[in-house]
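Asks: Give me a model of this one.
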Amino acid sequence: MWMEGESPKKKGGDGGRLFNVELLHNLEPPIDNTVGCVPSVPSMASVFLIGGGDGVGATAVMGAAVVETTMLATEASNFKYEEEYIVNSKGLLLFTCRWLPVDTEPRALVFLNHGYGMECSVSMKGAALRLVKAGFAVYGIDNQGHGKSSGMQAYIPSFDDLATDCSDFFTKNKRKLRILLGKSMGGAMALLLHLKKPEYWDGAVLVAPLCKIADDIKPPQLVISMLRKLTKIIPTWKIIPGQNFVNIVFRDSKIREEVRNNPLFYKGRVSLQTANQLLNVSLDIEKRLQEVTLPFFVGHGEADNVTDPTVSKLLYETASSSEKTIKLYPEMWHSLTYGEFTENIDIVFGDIISWIDGIIATGNSRLEREQKNANDELHAKSRTKRTRLID
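Replies: This next block holds a predicted model:
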């Protein structure tokens, strides 16, 4: 049994195993406004999990008490929703969730990548519901320091570490068409995941991707140089000035109010290290646009004041992908899938689902190739076995 404060480890292995936790309301990580952190589950209740890898009969250690837990799951008429914590390679608990069709095989798998300061279970719920009702299985993960995951709130020590967490979680799913969906920072994440494993992903939906920070909100170069020097000394200092992002990201006033009342959504200043990581990843992707080869749909509001629509145009023109689509939406703002008026979100998701349907209709060369390789291996083993019998 683990002692309080230790990181749970798989017996005889690493810490990357899935551990199921009962997500009771009183276990939901509260926001600690005094220190700007989302406490990890162990810091709240000393929860460590033993066994229960399939979501049933896991044992959690809470202080000195040992309780049986099951994964939270709810079911509607045509889909079910499940939540689960996983442990990453650094021992941090990361919140994951999924929306799965009921009584039918999913037509494809869609993997959600949220924006900066956001999370999957609330701010991307609307997107997930539209997708699961269209027949797709939908998976989400809250990045370190975001939503219900462990870590200092909205602090990104390393964007590459976040990408590794997403890749480790997402790439456990096989033998289905796999589509990344990322908005803003999540769009940058989707592109990085593709660049990490170019042959793994079958397509990406990029919503106002962070390929470049808009000049209107980017500090002058002199300020950037000074802040980069300060980052090496006080990386967690939340000093970066900025506009009220809620008012420039979300067009619908009702959504703005939802965001303001969502304790999982970070609305404070940006730390030096986080700003530096976001700037670096946007610059890196801007330089590597020609390396993008997967089919993609990119959508951008023409009135976006956060990420630059012209860079989405540049992505479309520069990427080496043979199948690519761009949609620029007049008068729409940054948050196309959560923040626009309902009629506009209907238009955006109509385009997204239609594009995914088109990818499905054209077939999947990766799945065909993997199946052929599997059949070839099976035949080779069969021939080897027959040869040995003859000998």
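
Asks: same question for stretch 175-189, mean pLDDT?
Replies: Across stretch 175-189, pLDDT averages out at 96.

Asks: buried residues in that stretch?
Replies: Neighbour counts over stretch 175-189 (16 or more other C-beta atoms under 10 Å) mark 176-189 as buried. Quick note: C-beta positions are derived from backbone N, CA and C, even for glycine.

Asks: for stretch 159-169, same thing?
Replies: In stretch 159-169, counting by 16+ other C-beta under 10 Å, buried: 159, 161-167, 169.

Asks: now, among those residues, which is nearest to residue 138?
Replies: residue 169 (13.4 Å; C-beta to C-beta).

Asks: Quick check: closest non-adjacent residue to the closest one.
Replies: With sequence-adjacent residues excluded and distances taken as C-beta to C-beta, 6 or more residues apart in numbering, residue 169 is closest to residue 141, at 5.3 Å.

Asks: Assess the claim that that neighbour and residue 98 are in contact.
Replies: No: judged on C-beta atoms under 8 Å, residue 141 makes no contact with residue 98 at a distance of 9.7 Å.

Asks: what's the nearest residue to residue 126 if we skip its chain neighbours?
Replies: residue 338 (5.7 Å).

Asks: show me what contacts the one you found?
Replies: 123-124, 126-127, 183, 250, 255, 345 (C-beta atoms under 8 Å, 6 or more residues apart in numbering).

Asks: Ok, residue 134 next?
Replies: By C-beta under 8 Å, 6+ apart, the contact set of residue 134 is 107, 353, 356.

Asks: just to revisit the earlier point, checking my notes, the residue nearest to residue 126 in a strand, right?
Replies: No: going by DSSP: H, G, I helix; E, B strand; the rest coil, the assignment for residue 338 is coil, not a strand.

Asks: Please, where are all the helices along the stretch 101-250 of the chain?
Replies: 125-133, 159-170, 185-196, 221-231, 245-249 (DSSP state H, counting those that start in this stretch).

Asks: Oh, that last question was meant for the stretch 251-391 of the chain, not what I typed.
Replies: According to DSSP H, counting those that start in this stretch, the helices that the stretch 251-391 of the chain contains are 253-260, 272-287, 309-318, 342-361, 365-390.

Asks: Of those helices, which shows the lowest average pLDDT?
Replies: helix 365-390 has the lowest average pLDDT among these, namely a mean of 60.

Asks: Can you give the contact residues for stretch 261-273?
Replies: Residues from elsewhere that reach stretch 261-273, judged by C-beta under 8 Å, 6+ apart: 30-31, 36, 116-119, 121-123, 146-148, 153-157, 227, 230-231, 234-242, 245-246, 259-260, 278.

Asks: List buried residues within the residues you listed.
Replies: Buried among the contacts of stretch 261-273 (16+ other C-beta under 10 Å): 31, 36, 116-119, 121-123, 146-148, 153-157, 227, 231, 238, 240, 245-246, 259, 278.
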